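# Just need the structure, nothing else, for what follows:
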Amino acid sequence: MKIVTKKIKVGKKKIHALSMPLATKTLIVLVGSKGYIMCGYLNLAAAKKFNDTAIKIVGVSTIAQALGATVHSCTLAAKKLGIHKGQPVKDALRIIA
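Numbering: from 1, shown residues only. From the prediction side, this is the model:
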């Protein structure tokens, strides 16, 4: 099992990226100062319950794929920051970095 962590530059800020194999899939999380992007492995309903600024992406198994993905869904807190379904992850990262 190989856990990968990276710091990725987004403008003048950095986000933290995590990739971790679990069972048959890989957990991917990208974390900024205002919120996070999570793969389908994580529960968006729980994020909503805690009023997190959370963005869900699907169909990714690497950090590189996550960076090229689009927003599948997001919490109300994320929508209030201007994040929306279909938005490129790179644009959402600029908002939450």
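
# Would you agree A47 is in contact with A54?
Yes: here A47 reaches A54: they are 3.5 Å apart, a contact under C-beta atoms under 8 Å. (Each C-beta comes from the backbone N, C-alpha and C, glycine too.)

# Residues that sit against both of those two, list them.
Both A47 and A54 are contacted by 38, 75, under the criterion C-beta atoms under 8 Å, 6 or more residues apart in numbering.

# neighbour count winner among the two?
Ranked by neighbour count (other C-beta atoms under 10 Å), A47 and A54 place A54 first, with 24 against 21.

# ok, A92 touching A54?
No: the criterion here is C-beta under 8 Å, and A92 misses it with A54 at 10.7 Å.

# by contact count, what packs against the worst-scoring helix or strand of the chain on mean pLDDT?
Lowest on mean pLDDT, DSSP states H and E among the helices and strands of the chain sits helix 44-49, with a mean of 92. Helices and strands touching helix 44-49, by 3 or more C-beta pairs under 8 Å, 6 or more residues apart in numbering; DSSP states H and E, are strand 54-56.

# Give me the distance from the strand it packs on to the chain's centre.
Strand 54-56 sits 6 Å away from the centroid of its parent chain (C-alpha atoms, centre = their mean, to the nearest Å).

# I'd like the average pLDDT over that strand.
For strand 54-56, mean pLDDT is 97.

# which helices and strands does that strand pack with?
Counting contacts by 3+ C-beta pairs under 8 Å, 6+ apart, strand 54-56 packs against strand 36-38, helix 44-49, strand 73-74, helix 76-80, helix 89-96.

# mind listing what it pairs with, with the direction of each?
strand 36-38 (parallel), strand 73-74 (antiparallel) (DSSP bridges).

# Of all those strands, which one is nearest P21?
strand 36-38 (15.7 Å; C-beta to C-beta).

# could you give the mean pLDDT of the closest one?
The model assigns strand 36-38 a mean pLDDT of 97.

# No more questions from me, cheers.
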